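Colleague: let me see the structure of the following:
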Amino acid sequence: MRTLLVSTYEMGRQPLGLAAPAAALRAAGHEVDAFDLAVETPEAERFAAADLIAISIPMHTAARLAIDLAERLRRLNPDAHIACYGLYASTLYERLTAPSVPVGTPAEGALRPLADSVIGGEYEPALVALADRLAGRRNGDLVASPIEGLGATPAFARQQYPVPDRRGLPPLEEYARLDPGDGSDARVAGYVEASRGCAHSCTHCPITPVYGGRLRLVQAPSVLADVAQLIEAGARHITFGDPDFLNAVPHSLGIAEELHARWPEVSFDATIKVEHLLEHQALLPRLRELGCLFVTSAFESTNDRVLRLLEKGHTARDMERAVALATSAGLTLRPTWVAFTPWTALDDFRDLLDFVERHGLVASVQPVQYGLRLLLPPGSPLNGTLEAEGRLGPFDDAGLSYTWAAEDPRVDALQRRLSTLVEEHARDRDCSGGGLSYLDSFREVKRLTAEALRGEGGSPVDAAAIEVASQPRRAVPGLTESWFC
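Modeller: Sure, this is the predicted structure:
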């Protein structure tokens, strides 16, 4: 059974979304090829030779790219069984399985769906079962028993995770690296996950409609064996991509302890929510001792009403405490934001910029964050909230999100201008390694915000109004890939 696993985009990292299912499929005896569209040039022969083409869609950008790819693959290899799997698969079930791709002659007018199968949640068992079924059909052994997780309802059966199989993937050097921020050379980075899902249910998070507060722990031996092969491949820094590294403290801390014991020269980073930074503040110095260079934390907004609607479990004051605790522990804190929501006012965005500037975080926030707009995929808990307010717009088939408009049209206009600005800046930095600094980008964001607040016909924004307060002179480590969702 020739299976081609395809990744379209995994935020500049070697795709675990290919390595994990590759291990499961190969263990079941299937022939597996892996292809990363983000860094490899498509070759028609690889797609045409596959019996099963399984496309990983772990995030919004990947889903949009996957839909475009699936449309082309339908025409290139009409006999292949196309499956979509990953976090966004089950929420987009109707979009992926609706007849939409013409097949045959125009006169026949026949349509096929983008995907023959959709697999969500803990996808490896269903993907293996699907490959087994297709192999059986090819060999004349028709099997019709239902496969749990295949369809609109994701499956969450606990499993023994195999060590991800990274054979055939592009080398780590093709992906984002760690920039230590101190002028020293960038380090090759690897990516692992010690857990899946999340114990929390933030209403804006794409994990919530799928996992619904469920958490699945990846066994420590599997995680550490994956770390070992990444280090053998050249990695000197590891990103723990768990939605929250402190969802299960004994588990994650034990893995960090063992990583440091075996490879004391290897650093790492992790994502930790504000609520956990406060709850486990005593652990922060220990994380730094173990080699944690920076922590990504979803701050989202400085407006407490918005934070309550997003069910973040923290306040703006808590965010200030988190910054102080991380700084005291020697950790760099890198906040992320949902800068624009249906409830965001211009003053709120100005307050967000003030928070970043006042707490010395200008160099810690990737400028692309300032243009991010709340996404509302199918199943988002916020869809009901906005519908009750009479503010939920139609589903944007291309954008894969329900639409909404801010109460103040100036907010939407500012978001569009900022999105264009910061994406251009990010593209210049990623492509050339130079371009405008974070400080330069921040100053431009301040300028556009000041113009929006003054309105049409307002007096010009003078230089003093957009000057940025002095920021701490310290190294700010981070990855070289700009953060997109």
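
Colleague: what residues sit buried inside stretch 76-89?
Modeller: Buried residues in stretch 76-89, counted by 16 or more other Cβ atoms under 10 Å: 77, 80-89. Any C-beta I mention is one placed from the backbone N, CA and C, and that applies to glycine too.

Colleague: and it, what's its mean pLDDT?
Modeller: Computed over stretch 76-89, the mean pLDDT rounds to 95.

Colleague: neighbours of the residue nearest to Arg305 when sequence neighbours are not counted, how many?
Modeller: Leaving aside its sequence neighbours, Arg305 sits nearest to Trp343 (Cβ to Cβ, 6 or more residues apart in numbering; 6.6 Å). Neighbours of Trp343 under the rule other Cβ atoms under 10 Å: 21.

Colleague: Ala324 too?
Modeller: Residues lying near Ala324 (other Cβ under 10 Å) number 13.

Colleague: for the strand or helix carrying it, enumerate the helices and strands it packs against.
Modeller: If you go by DSSP states H and E, Ala324 is part of helix 316-329. Under the contact definition 3 or more Cβ pairs under 8 Å, 6 or more residues apart in numbering; DSSP states H and E, helix 316-329 sits against helix 274-279, helix 284-289, strand 292-300, strand 332-337.

Colleague: quick one: contacts for Leu376?
Modeller: Going by Cβ atoms under 8 Å, 6 or more residues apart in numbering, Leu376 touches 382-383, 386, 392, 401-404.

Colleague: just checking, which of the buried residues of stretch 76-89 belong to helices?
Modeller: Per DSSP state H, helices hold no members of those.

Colleague: closest one to Ser252 out of those residues, please.
Modeller: Taking Cβ to Cβ as the measure, Ser252 lies nearest Leu87 of those, at 19.8 Å.

Colleague: need the contact list for that closest one.
Modeller: Leu87 is in contact with 57-59, 120, 206-207, 210, counting by Cβ under 8 Å, 6+ apart.

Colleague: do the same with Asn247
Modeller: 195, 198-200, 215, 276.

Colleague: let's see which of those end up in strands.
Modeller: Judged by DSSP state E, the subset of these located in strands is 195, 215.

Colleague: any idea how far Pro378 is from Val101?
Modeller: According to Cβ to Cβ, to the nearest Å, Val101 and Pro378 sit 20 Å apart.

Colleague: returning to that earlier point: what's the farthest-apart pair in the contacts of Leu376?
Modeller: Farthest pair in those (Cβ to Cβ) is Leu382 and Thr403. Separation: 12.6 Å.

Colleague: more neighbours: these two, which one.
Modeller: Leu382 (22 against 13).

Colleague: is it true that that one lies in a helix?
Modeller: Yes: secondary structure assignment places Leu382 in a helix (DSSP: H, G, I helix; E, B strand; the rest coil).

Colleague: which among the contacts of Leu376 count as buried?
Modeller: 382-383, 386, 392, 401-402, 404.

Colleague: how about JSON lines for those, with secondary structure added?
Modeller: Below are the buried ones among the contacts of Leu376 laid out as JSON lines (three-state DSSP):
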{"residue": "Leu382", "secondary structure": "helix"}
{"residue": "Asn383", "secondary structure": "helix"}
{"residue": "Leu386", "secondary structure": "helix"}
{"residue": "Leu392", "secondary structure": "coil"}
{"residue": "Ser401", "secondary structure": "strand"}
{"residue": "Tyr402", "secondary structure": "strand"}
{"residue": "Trp404", "secondary structure": "coil"}
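
Colleague: Serialize these to JSON lines and add fields for pLDDT and distance to Arg373.
Modeller: Formatted as JSON lines, those follow (pLDDT from 0 to 100; distance: Cβ to Cβ, whole Å):
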{"residue": "Leu382", "pLDDT": "98", "distance to Arg373": "13"}
{"residue": "Asn383", "pLDDT": "98", "distance to Arg373": "15"}
{"residue": "Leu386", "pLDDT": "97", "distance to Arg373": "14"}
{"residue": "Leu392", "pLDDT": "97", "distance to Arg373": "15"}
{"residue": "Ser401", "pLDDT": "97", "distance to Arg373": "9"}
{"residue": "Tyr402", "pLDDT": "98", "distance to Arg373": "12"}
{"residue": "Trp404", "pLDDT": "98", "distance to Arg373": "9"}
